[in-house]
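> Sequence and computational prediction follow.
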Amino acid sequence: MIRVVLPTHLRIHAKVNGEVTLTVHGAVTQRSVLNALEQQYPVLRGTIRDHTTQKRRAFLRFFACQQDLSHQSPDAPLPEPVASGAQPFLIVGAIAGG
Amino acid sequence: MAGVRILVGTRKGAFVLTSDEGRKKWDVSGPHFAGWEIYHLKASPVDPDRIYASQSSGWFGQQIQRSDDGGKTWEPVDNTFVYDGVPGTHQWYDGTPHPWQFKRVWHLEPSLTDPDTVYAGVEDAALFRTTDGGRSWTEFSGLRGHGSGAHWMPGAGGMCLHTILLDPVDPKRIFIAISAAGAFRTDDGGEAWKPINRGLKSEHIPDPHAEVGHCVHRLALHPARPNVLFMQKHWDVMRSDDAGNSWHEVSGNLPTDFGFVIDVHAHEPETIYVVPIKSDSEHFPADGQLRVWRSRTGGNDWEALSSGLPQANCYVNVLRDAMSVDRLESCGVYFGTTGGQVYASADAGDNWTAIVRDLPAVLSVEAQTLE
């Protein structure tokens, strides 16, 4: 079980409270986690990754285990505590704008 | 009983204002989608409780919301706006080629006959349409591909397709406007497009009379006379009597002919409204006096309307989609400001009152007449 924490606006948009829990088959990577997230909550498509390029949107960051994973390859394995569910994968809105 | 619903898009959410036909007491609902930019909301003319909203955010991108109960509840629909084929490039501010990239939906124009069909004007400039109530969107790529697209350049606010006028007489005719490319028309339902900018003069481009490159801020028409178009350009208020084939200036005695909004009285096709703004570098009314100017002669002869509007220390702007009229017997006129006020006149502009104030900056105002 993978735990994901969404920014407030996306929790409201997807009509979820608190953490989201996902089942990911195979390697646990940014891509596989986001694929599972968008499969479970289709309204989140395009909100975290660009529809066309599938790149992370510029003002979002991916954190886990006190690390900024934003610039890692989307296919790199996420830390073991994320894969085991001990730690959440955090999707964070950058502090920018008004 | 008849009434009015005003759909207000702001920098930080949407608001729905409702009143009976007296238009004296208003209920305010909102913010809907708090914290998101709501560039535009508009209801279907044939199903007034069907409302579409453009919701966007620098963080989370574009969403389209749909309500089937007059704005009480909303459901997100498809937000996939993918350009048809290889999008190519347009000009960037420095003159270099820049890839077409979708940023947001500026304007939603529901069909005059089908509540499931809606046109969307987007940045970078393109026209999309849904025919299934927002579940999927398809581009009219003939607009970008008509030949001049590679030379279009963004205005300061981005390269946005912000105006969509559906001809109520000829269902295959659509007018659109892009900043800073100009006005365009299709006569075949959206496949082929041509620029309709003859007569425009823009001193800020190398050829002031160029076929494209004009910063058109807004177009308006009266449904009974769709061949007559009115335009608020970056500078100049313009008029066409031949569906855009040619334009002539009708700025007349306006104190400044810079501005963003322009609209037409619901029952008098020759009565038009603008809000003059001091200049392109000072986006507020001259002398701190907020005034709507009305022409009852289709332009050239203008009168200032100020009763009920602030006449000192007012330095707001009125953005291009932020004026609308209702269709009640005594035509109501509405506009919103970047200071968060929505002003209404129930007597065609003679007297104004702020029906709500201190909202986030207003991006759009749409009036719905409820029968």
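Thanks, I have the structure now.

> ok, the closest residue to B:Ile164 other than its chain neighbours - contacts?
Nearest non-adjacent residue to B:Ile164, counting by C-beta to C-beta, 6 or more residues apart in numbering or on different chains: B:Glu109, 3.9 Å away. No exception for glycine: its C-beta is placed from N, CA and C like everyone else's. B:Glu109 makes contact with B:42, B:118-121, B:164-166, according to C-beta atoms under 8 Å, 6 or more residues apart in numbering or on different chains.

> In this structure B:Tyr334 contacts B:Gln341, no?
No: using C-beta atoms under 8 Å, B:Tyr334 is not in contact with B:Gln341; the gap is 10.9 Å.

> Between those two, which is the more surrounded one?
Using other C-beta atoms under 10 Å in any protein chain shown as the criterion, B:Tyr334 and B:Gln341 rank with B:Tyr334 on top: 25 against 21.

> Would you mind measuring from the more buried one to B:Leu108?
18 Å (C-beta to C-beta, to the nearest Å).

> How many neighbouring residues does residue 93 have?
No chain in the question, so chain A it is. The number of residues near A:Gly93, taken as other C-beta under 10 Å, comes to 19.

> if you could check chain B rather than the one you did, that'd help
The burial count for B:Tyr93: 11, using other C-beta under 10 Å.

> same check, this time on A:Phe62
Neighbourhood size, A:Phe62 [other C-beta under 10 Å]: 21.

> Listing partners with orientation, what would you give for the one helix or strand it maps to?
Per DSSP states H and E: A:Phe62 is located in strand A:60-64. Using DSSP bridges, the strands paired with strand A:60-64 are strand A:67-68 (antiparallel), strand A:89-93 (antiparallel).

> Which among those strands is found nearest to B:Val318?
strand A:89-93 (30.7 Å; C-beta to C-beta).

> Give me the contact list for the closest one.
A:2-7, A:9-10, A:33, A:48, A:59-64, A:78, A:82, B:59-60.

> Quick one, which of the residues you listed are buried?
A:2-7, A:9-10, A:33, A:48, A:59-62, A:64, A:78, A:82, B:59-60 (16 or more other C-beta atoms under 10 Å in any protein chain shown).

> Before we go further, B:Pro255 is sitting in a strand, right?
No: read with DSSP: H, G, I helix; E, B strand; the rest coil, B:Pro255 is coil and lies in no strand.

> Would you agree it is in contact with B:Val275?
No: counting by C-beta under 8 Å, B:Pro255 sits too far from B:Val275 to count as a contact (11.2 Å).

> Tell me the pLDDT of B:Gly95.
If you check B:Gly95, the pLDDT there is 86.

> Same check on B:Ile205?
The per-residue pLDDT of B:Ile205 was computed as 88.

> and it, which of the three is it?
B:Ile205 ends up coil, using three-state DSSP.

> which residue packs closest to it, ignoring adjacent ones?
Once flanking residues are discounted, B:Ile205 sits nearest to B:Gly213: 4.6 Å by C-beta to C-beta, 6+ apart.

> Now do that neighbour: how many residues are near it, please.
So B:Gly213, with other C-beta under 10 Å, has 23 neighbours.

> quick revisit: mind listing which of the contacts of strand A:89-93 are in helices?
Judged by DSSP state H, the contacts of strand A:89-93 include A:9-10, A:33, A:82 as members of helices.

> Pretty sure B:Gly199 sits against B:Asp241.
No: between B:Gly199 and B:Asp241 there is no contact, the gap being 10.9 Å when judged by C-beta under 8 Å.

> between these two, who's got more neighbours?
For B:Gly199 versus B:Asp241, neighbours defined as other C-beta under 10 Å are more numerous around B:Gly199 (17 against 14).

> Quick check: the closest residue to that one other than its chain neighbours vs B:Glu123, distance?
Excluding its sequence neighbours, the residue lying closest to B:Gly199 (C-beta to C-beta, 6+ apart) is B:Trp247, at 3.5 Å. B:Trp247 is 24 Å from B:Glu123, where distance means C-beta to C-beta.
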